[in-house]
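Asks: Please work out how this folds:
(one chain, ligands or ions: 2)
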Amino acid sequence: SLVLGIESSCDDTAAAVVASDRRILSSVVADQSRLHAAFGGVVPEIAARAHTEKLDHAVEAALAEAGVALAEIDAIAVTAGPGLIGGVLSGVMLARGLATGTGVPLVGVNHLAGHALTPRLTDDLAFPYLMLLVSGGHCQFLIVNGPDDFARLGGTIDDAPGEAFDKTARALGLPQPGGPHVEREAAQGDPKRFDFPRPLLGRPGCDMSFSGLKTALMRERDRIVAEKSGLTRQDRADLCAGFQAAVAEVLAQKAARAIDAYLATSPSAPAIAVAGGVAANGAIRAALETVSRDKGVAFTAPPLPLCTDNAAMIAWAGIELLAIGHPGMDPLVARPRWPLDDSRPAILGSGK
Ligand code: ATP
Ligand code: FE
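Replies: Numbering: from 1, shown residues only. Ligands and ions are numbered 1, 2, ... in the order given. Predicted coordinates:
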């Protein structure tokens with residue numbers, strides 16, 4: 001069967017058509033970064049308006065690219081949270097209208113579940129598996145037991161790494177979203193020139209912290225600027241390289257802890273997957289892959305366009321929920337906050 005996915009929880013307006021046999025027929029992503037560029041970050045009001053303007057077109061483009069008529073769609077999956085309320089509402093309202101018009105089931109999907117289930121769309125991965133979800137707003141280790149069953153092992157106690165990448169980019173005058181730009185600079189830099197902190201590595205468990213790292217980077221930047229009244233290209237590259245190396249090492253070392261904790265529950269075929277925007281980072285993927293190999297655990301990461309926000313992951317999460325007879329969020333409302341391990345029956349899985 002064919003599912004239309006709709007995603008508008010942050011600053012990407014996205015629509016996709018995915019078949020239940022894991023074929024991605026189309027995945028359209030209209031990013032708004034140009035609209036927000038002058039503000040150094042995502043402005044919720046601008047995002048909401050842009051989603052309202054672009055959603056129809058994204059859906060049309062996704063159907064056209066897939067070569068599928070709306071009448072051929074078997075279900076619609078839409079991000080119902082967490083995210084910026086205006087954008088989520090735009091998506092939910094459009095999806096409601098389309099589902100009412102066509103009479104197909106409508107599934108409200110958790111954006112984070114979309115990220116966390118993506119490795120099953122792109123690889124043969126059975127439940128349960130260990131997941132590092134690392135994105136613009138989140139960073140957590142999860143045991144994924146099923147499409148609606150996530151157990152949290154630990155996560156960041158302050159900033160998410162994506163946020164730290166974005167702040168680092170801002171501090172160094174690089175464009176937003178910062179991750180890809182910092183990665184490009186880091187490729188030319190010396191990761192050993194600056195000795196950035198690896199917070200919480202000494203502490204047991206899988207919790208992480210990234211806000212001190214950002215502060216340390218700003219301190220080094222200010223020190224160089226004060227000494228030489230400006231940053232050279234090399235300074236900037238070295239700062240990016242040092243920052244990225246610190247993030248990668250913290251994620252890898254904590255992943256090792258998470259793998260140990262996970263293996264203690266002795267799953268039959270242990271595997272770890274990474275997803276979310278920061279999973280697009282080559283250095284971080286490589287560090288996680290090394291740790292997985294050392295621990296004898298299979299490693300998988302989605303292709304880069306499926307790490308950052310997209311609607312194929314939302315369609316796929318819908319497919320996964322429908323396959324187990326799950327109604328998705330019920331009743332379907334827009335939830336700005338919606339932790340993955342929160343399955344309050346009145347909201348999710350009431351079975352009605
Ligand atoms: P969330 O999924 O937590 O609600 P989000 O949807 O805004 O947040 P994603 O689209 O999943 O986040 O990820 C975006 C983040 O990923 C941004 O912070 C961006 O800087 C970061 N990112 C994207 N590509 C890279 C990269 N190559 N290296 C590091 N970070 C990256
Ligand atoms: Fe996301």
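Asks: quick one: the helices in the protein?
Replies: Secondary structure of the chain (DSSP state H): helices at 33-36, 44-66, 85-102, 111-122, 161-171, 179-186, 211-228, 233-263, 282-295, 312-323.
Asks: my guess is Met208 contacts Phe141, does it?
Replies: No: counting by C-beta atoms under 8 Å, Met208 stays clear of Phe141, with 9.1 Å between them. C-beta coordinates here come from the backbone N, C-alpha and C atoms, glycine included.
Asks: In the stretch 201-350 of the chain, where is pLDDT below threshold?
Replies: Low-confidence segments of the stretch 201-350 of the chain (pLDDT under 70): 342-350.
Asks: returning to that earlier point: out of the helices of the chain, which one sits most buried?
Replies: helix 312-323 (a mean of 28; mean count of other C-beta atoms under 10 Å).
Asks: what's next to that helix, contact-wise?
Replies: 1, 3-7, 14, 16-18, 20, 22, 24, 27, 75-79, 105, 107, 109-111, 113-115, 117-118, 120-121, 147-148, 306, 327-328 (C-beta atoms under 8 Å, 6 or more residues apart in numbering).
Asks: Whichever of the residues you listed end up buried, select them in PyMOL.
Replies: To isolate the buried members of the contacts of helix 312-323 in PyMOL, using 16 or more other C-beta atoms under 10 Å:
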select buried, resi 3+4+5+6+7+14+16+17+18+20+24+27+75+76+77+78+79+105+107+109+110+111+113+114+115+117+118+120+121+147+148+306+327+328
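Asks: Centroid-nearest residue for the protein?
Replies: Gly276 (2.5 Å; C-alpha atoms, centre = their mean).
Asks: Leaving out sequence neighbours, find the closest residue to that residue.
Replies: Nearest residue to Gly276 in three dimensions, chain neighbours excluded: Ser135, at 3.2 Å (C-beta to C-beta, 6 or more residues apart in numbering).
Asks: Go ahead and confirm that neighbour touches Val274.
Replies: No: using C-beta under 8 Å as the test, Ser135 is too far from Val274 to be in contact (10.4 Å).
Asks: of these two, who's got more company?
Replies: Each of Ser135 and Val274 has its neighbours counted (other C-beta atoms under 10 Å); Val274 has more, 28 against 25.
Asks: Thought Met131 was touching the more buried one, still the case?
Replies: Yes: using C-beta under 8 Å as the test, Val274 is close enough to Met131 to be in contact (7.3 Å).
Asks: Can you check which residues contact both of the two?
Replies: Common neighbours of Val274 and Met131 (C-beta under 8 Å, 6+ apart) are Pro119.
Asks: I figured Cys304 hits Ala280, correct?
Replies: You called it Cys, but residue 304 is Leu. Yes: the criterion here is C-beta under 8 Å, and Leu304 meets it with Ala280 at 4.5 Å.
Asks: Residue numbers of the protein in contact with ligand 2?
Replies: Residues of the chain lying close to ligand 2 by C-beta under 5 Å from the ion are 135, 309.
Asks: Skipping its backbone neighbours, what lies nearest whatever residue of the stretch 101-250 of the chain ends up closest to ligand 1 in space?
Replies: Across the stretch 101-250 of the chain, no residue is closer to ligand 1 than Gly179, which sits at 2.0 Å (C-beta to the nearest ligand atom). Once flanking residues are discounted, Gly179 sits nearest to Phe165: 4.2 Å by C-beta to C-beta, 6+ apart.
Asks: Let's have the helices of the chain in JSON lines, adding distance to Lys192.
Replies: Formatted as JSON lines, those follow (distance: least, C-beta to C-beta, whole Å):
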{"stretch": "helix 33-36", "distance to Lys192": "32"}
{"stretch": "helix 44-66", "distance to Lys192": "39"}
{"stretch": "helix 85-102", "distance to Lys192": "41"}
{"stretch": "helix 111-122", "distance to Lys192": "32"}
{"stretch": "helix 161-171", "distance to Lys192": "17"}
{"stretch": "helix 179-186", "distance to Lys192": "12"}
{"stretch": "helix 211-228", "distance to Lys192": "13"}
{"stretch": "helix 233-263", "distance to Lys192": "8"}
{"stretch": "helix 282-295", "distance to Lys192": "14"}
{"stretch": "helix 312-323", "distance to Lys192": "36"}
